[in-house]
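Novice: Coordinates for the following, if possible.
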Amino acid sequence: MDAGKWKRILAEAKEKTDREFAEEASSLTRLTAEEIKKIVPQPLDREKLAKLMSIVKDATKSNEEKANAIRNIEGLAEIAVSLILKKI
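Specialist: Residues are numbered from 1 along each chain as shown. Take a look at the predicted model:
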């Protein structure tokens, strides 16, 4: 396979992954898929958003435990602020 075909396959796979993540995340929040894409444009940010959502939705943790978990994981606070600002 030539390099051009591989680049096209990779680009299509990235686009599909981005779209599916945004659709799935929006189904779990009140945000639209487009809002999710704007808040978390990078793959690493999408991982952080997924981690943030799992912490927030963990019914076994108190609000204080959730806040501490968010504070202690690099990058989660920034994602949380972006989400809050989007809804204000």
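Novice: okay, CA-based contacts and neighbour counts for the rest of this
Specialist: Will do.
Novice: The helix or strand harbouring I79 packs against which elements?
Specialist: Element membership for I79, per DSSP states H and E: helix 76-87. On a contact count with 3 or more Cα pairs under 8 Å, 6 or more residues apart in numbering; DSSP states H and E, helix 76-87 meets helix 33-39, helix 43-56, helix 63-72.
Novice: Quick check: buried residues in it?
Specialist: By neighbour count, with 16 or more other Cα atoms under 10 Å as the criterion, the buried positions of helix 76-87 are 76-77, 79-80, 83.
Novice: quick one: which of those residues is nearest A13?
Specialist: In terms of Cα to Cα, no member of these lies closer to A13 than I79, at 24.5 Å.
Novice: top helix in this protein by residue count?
Specialist: Longest helix in the chain by number of residues (criterion: DSSP state H): helix 3-28.
Novice: average model confidence for that one?
Specialist: When pLDDT is averaged over helix 3-28, the result is 81.
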